[in-house]
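Peer 1: A predicted structure for the sequence below; I have some questions about it.
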Amino acid sequence: MVLRLRQVAIVGDDYAGTEAALSAVFDLGVAYRDPGNRPAREAGVSIFGLKNFVMPIGNQFLELVVPLEDGMTSAAGRYLQRRGGPGGYMLLFQVPRAEYGAHRQHLSEIGVRMVAGGDISEEGSEAMHIHPKDLPGCLVELRWCENEDVSNGDWWPVERDWRDHCNTKFVEAICGAEIQTPEPVFLAERWAEVLQVPMAMLDGVPTIPTVDGPVRFIEPSDGRPEGLGAIDVRVPDAQLVADSAARFGLRTDNRTIEISGLRFNLVG
């Protein structure tokens, strides 16, 4: 099976501040925004009790979701409580349309539940969210979308003019992700089984492959519970980005910066 890491979602509690940080550090622009009232047929997330914005990174996307109400009234709100604050929330994989049905059948055969489907599908694209209790680590979406034969093809969760908002001067691509968990090998094997991809050890770290880079599974090192802890982003000048982050007042550590609880590993 082929997986493209097409989008990463952060869950947070500071909508304007996170947008300002991403804009200041990476010069990213918003290609889609649901202020909390867009219908599902227009890729709205308000049906899940959220508002969001989505920014292109090359031909991939970074999303922030923020609960419309404080507390435990939404899945995202409960995730914020469970993880002790903002951080990585979701990985969205683009899969070939020809393999989508096989994914759905496989999930059914091994007893893996879905938590969303029809509400996040439309003509030209179809998707499903895998139940996080059946695939722990973070929420996972599998989606096929039209124009899949080109790398910068359409992507249903954003407007069709998303390319007009793309700027790769300071960040070019998302090239990996990092799930932290007390049992890295066990969880990597589970992801490999559910997503029908091989698990491999790279430099002693269990990983699964995507077209854009590996998803790694590591033990927690920040005192936070299991979840999406970091993503790798390819940048032309890591020091320039790190300096911009420091000037903005963000937490930085060598070639890693933190925005809304998610670590960005700067890869040259």
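Peer 2: It's in.
Peer 1: Stretch 104-114 spans what distance, first to last residue?
Peer 2: Terminal residues of stretch 104-114 are spaced 9 Å apart (CA to CA, to the nearest Å).
Peer 1: for stretch 17-36, same thing?
Peer 2: For stretch 17-36, the first and last residues are 17 Å from each other (CA to CA).
Peer 1: in that stretch, what counts as buried?
Peer 2: The neighbour-count check on stretch 17-36 (16 or more other CB atoms under 10 Å) flags 18-19, 21-22, 24-26, 28-34, 36 as buried. For every residue, glycine as well, the C-beta is placed using N, CA and C.
Peer 1: Those in strands, which ones?
Peer 2: Of the buried residues of stretch 17-36, the ones assigned to strands by DSSP state E are Tyr32, Arg33, Asp34.
Peer 1: who are the neighbours of the one helix or strand in the chain whose mean pLDDT sits lowest, in terms of helices and strands?
Peer 2: Between all helices and strands in the chain, the lowest mean by mean pLDDT, DSSP states H and E belongs to strand 114-116, at a mean of 84. The contact analysis (3 or more CB pairs under 8 Å, 6 or more residues apart in numbering; DSSP states H and E) places strand 114-116 against strand 125-130.
Peer 1: chain center to the least confident helix or strand of the chain, what's the gap?
Peer 2: The chain centroid and the centroid of strand 114-116 are separated by 17 Å under CA atoms, centre = their mean, to the nearest Å.
Peer 1: Pull up the pairing partners for that strand, direction included.
Peer 2: With DSSP bridges as the test, strand 114-116 is paired with strand 125-130 (antiparallel).
Peer 1: what about this structure, any weak spots by pLDDT?
Peer 2: Scanning the chain for pLDDT under 70 picks out 117-119.
Peer 1: from the buried residues of stretch 17-36, which is closest to Arg216?
Peer 2: Ranked by distance to Arg216 (CB to CB), the buried residues of stretch 17-36 are led by Phe26 at 21.8 Å.
Peer 1: I figured the closest one was touching Phe170, is that so?
Peer 2: Yes. At 5.0 Å, Phe26 and Phe170 qualify as touching, with contact defined as CB atoms under 8 Å.
Peer 1: what residues are shared contacts of these two?
Peer 2: Both Phe26 and Phe170 are in contact with Val241, where contact means CB atoms under 8 Å, 6 or more residues apart in numbering.
Peer 1: Among the buried residues of stretch 17-36, which are located in helices?
Peer 2: Judged by DSSP state H, the buried residues of stretch 17-36 include Thr18, Glu19, Ala21, Leu22, Ala24, Val25, Phe26 as members of helices.
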